[in-house]
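Student: Fold the following for me, if possible:
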Amino acid sequence: MRTSQPQTIYLKDYKVPAFVVDHVDLRFELFEDGARVHSLLSVRRNPDSDGAEADLELDGDSLKLESIQLDGKTLADGDYDNRGEKLVVPAVPDQFELAVVTWLEPQNNTRLEGLYKSSGMFCTQCEAQGFRCITYFPDRPDVMARFRTRVEADKSAYPVLLSNGNDVEKGDLENGRHFVTWEDPFPKPSYLFALVAGDLVEKRDSFRTMSGRDIDLRMYIEPRNAEKCDHAIDSLKRAMRWDEEVYGREYDLDIFMIVAVDDFNMGAMENKGLNIFNSSCVLASQETATDVAFQRIESIVAHEYFHNWSGNRVTCRDWFQLSLKEGFTVFRDSQFSSDMGSPTVKRIEDASMLRTAQFAEDAGPMAHPVRPESYMEITNFYTLTIYEKGCEVVGMIRTLLGEELFRKGSDLYFERHDGQAVTTDDFVRAMEDASGRDLSQFRLWYEQAGTPELTIKDEFDQGSGVYRLSIEQTIPDTPGQTHKKPQHIPFALGLI
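Tutor: Next up, the predicted model:
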């Protein structure tokens, strides 16, 4: 359990990880009284780090350590230091394999972080820092590894065993148990890991990509909800086609899965290839749902799918960069919803919500920049500023560059940083490099909190036919920020 006092973490203190993990081999043994997790990490020192002599430090939370091996040799108690939230192994070689076995009690996990069990089903939630509740790991988004996961459980109680990637092996075991092995060929941070085991109904469909690949679409729901998933699957297919046509982004795995469960503590989560949704965000029937509910489901399904590129293939370097994936993806799902319905109505809805809710956040004690400078608890920053204001900042870049250059910039961003963990500066730099525009002043939108206030005066000289427009900008003080610099605002007008 967590015993230490919360500490403030600052963006300025960021350092690259001392070690990188190239591959993670996981084996989950799921039982009624707990779960045993076997983890094999392929680790090497990070050549970009200045910690050439650093000890290996792994994050852990609420774990019972059963054994630890370094390159096949079992370590004695004196060979490592288990500090509760850190497992420290000193004097490790430059490259090695670390095998760790942990015991969990998912049925007693009321925090619903990591692996938990509810209503007879195992499920995970690892964003932002839940993977450390499963096994010891450098649980930070800039450590990206390839995962192979084997899940074992009783076949009658848990006929469906899911994890990230493609299913590469399955079979029966002794004592009525079975297993499925999943392999994800793309490197990902630990917060995108997912596992589900339960008695679920499977609905299948397919999607043919722009390059002619057939993608196996699977949706898993609790039996009583079997008739409520058609709209979600149709929405997914529309989102996949739209992302190809508008952003040139094709889906990369052979399988895409959606799981809908009642006992999920977030609305939805974009785990690589295995999106998990709270049932209320993805299930609907014509008999009980309104048009607004159908539109909301379409938007949420699209949002989580769009993360496959803007969040998964290219992810955030640290949690200060949360809007890198969330602001950009909200912008993409807003574009999608506009194209599926009425762009005017969608824009009015977004602007109304921004003015009534996000402006209030910007004017209150919790005001913070789109890219915060510090935090004590990262879950406090899943805010309207990160998501909705972050979306508007991306929208302003598109307005400044125009549709063609913005697409060129997004193409460059995805190509340049595929498989990397990057920053909002990297995103803006890709837009600059693709367009030839200088966005130095524009970066203040990521750095300064508060809503700019404009004083606008105009006059028209009937005799000379000259129209003059005067705009003055001020940004109110917010907690920790005063005397702010003016921000770059695109401004459009029409004369009638």
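Student: Tell me, how many residues neighbour the closest residue to residue 181 other than its chain neighbours?
Tutor: Leaving aside its sequence neighbours, residue 181 sits nearest to residue 169 (Cβ to Cβ, 6 or more residues apart in numbering; 4.0 Å). All C-beta spots, glycine's among them, are computed from the backbone N, C-alpha and C. For residue 169, the count of nearby residues is 11 (other Cβ atoms under 10 Å).
Student: how about stretch 210-225: buried residues?
Tutor: Within stretch 210-225, the residues that count as buried by 16 or more other Cβ atoms under 10 Å are 215, 217-222, 225.
Student: now those residues as CSV including distance to residue 17?
Tutor: Output for the buried residues of stretch 210-225, formatted as CSV (distance: Cβ to Cβ, whole Å):
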residue, distance to residue 17
215, 33
217, 35
218, 34
219, 36
220, 34
221, 38
222, 39
225, 41
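Student: hmm, which two among these are most spread apart?
Tutor: 215 and 222 (24.1 Å; Cβ to Cβ).
Student: Now do the helices in the stretch 351-496 of the chain.
Tutor: 359-362, 384, 390-401, 403-417, 424-435, 444-447 (DSSP state H, counting those that start in this stretch).
Student: Quick check: pLDDT value at the nearest residue to residue 170 once chain neighbours are set aside.
Tutor: Closest residue to residue 170 apart from its sequence neighbours, by Cβ to Cβ, 6+ apart: residue 180 at 4.5 Å. pLDDT recorded at residue 180 is 98.
Student: With residue 2 instead?
Tutor: Residue-level pLDDT assigned to residue 2 equals 55.
Student: where's residue 71 relative to residue 395, distance?
Tutor: From residue 71 over to residue 395 the distance is 51 Å, taken as Cβ to Cβ, to the nearest Å.
Student: Neighbour count for those two, which is higher?
Tutor: Using other Cβ under 10 Å, the more surrounded residue of residue 71 and residue 395 is residue 395, with 19 against 11.
Student: was I right about that one contacting residue 330?
Tutor: No. In this structure, residue 395 is not within contact of residue 330 by Cβ atoms under 8 Å, at 9.6 Å.
Student: Spell out which residues are contacts of both of these two.
Tutor: Here residue 395 and residue 330 share no contacting residue, scored by Cβ atoms under 8 Å, 6 or more residues apart in numbering.
Student: Contacts only, for the residue nearest the centre of the chain.
Tutor: Among the residues of the chain, the one closest to the centroid is residue 311, at 5.2 Å (Cα atoms, centre = their mean). For residue 311, the contacting residues are 270, 325-326, 328-329, by Cβ under 8 Å, 6+ apart.
Student: Could you save those residues as a markdown table and add columns showing secondary structure and neighbour count?
Tutor: Conversion of the contacts of residue 311 to a markdown table gives the following (DSSP: H, G, I helix; E, B strand; the rest coil; neighbours: other Cβ atoms under 10 Å):
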| residue | secondary structure | neighbour count |
| --- | --- | --- |
| 270 | coil | 24 |
| 325 | helix | 24 |
| 326 | helix | 25 |
| 328 | helix | 24 |
| 329 | helix | 26 |
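Student: from the residues you listed, which two are the most distant?
Tutor: 270 and 328 (12.5 Å).
Student: quick one, strands of the stretch 201-350 of the chain?
Tutor: 201-208, 214-221, 255-261, 268-269, 274-278, 314-316 (DSSP state E, counting those that start in this stretch).
Student: what about the closest residue to residue 316 other than its chain neighbours, distance to residue 413?
Tutor: Leaving out its chain neighbours, the residue that sits closest to residue 316 by Cβ to Cβ, 6+ apart is residue 324, at 4.7 Å. Noted for residue 324: a distance of 10 Å to residue 413, by Cβ to Cβ.
Student: quick one, which of those two is more surrounded?
Tutor: More crowded of residue 324 and residue 413, by other Cβ under 10 Å: residue 324, with 30 against 24.
Student: before we move on, the earlier item: against which helices or strands is the strand or helix carrying the residue nearest to residue 170 packed?
Tutor: In the assignment (DSSP states H and E), residue 180 maps to strand 177-189. Counting contacts by 3 or more Cβ pairs under 8 Å, 6 or more residues apart in numbering; DSSP states H and E, strand 177-189 packs against strand 144-154, strand 160-163, strand 166-172.
Student: All good on my end, thank you.
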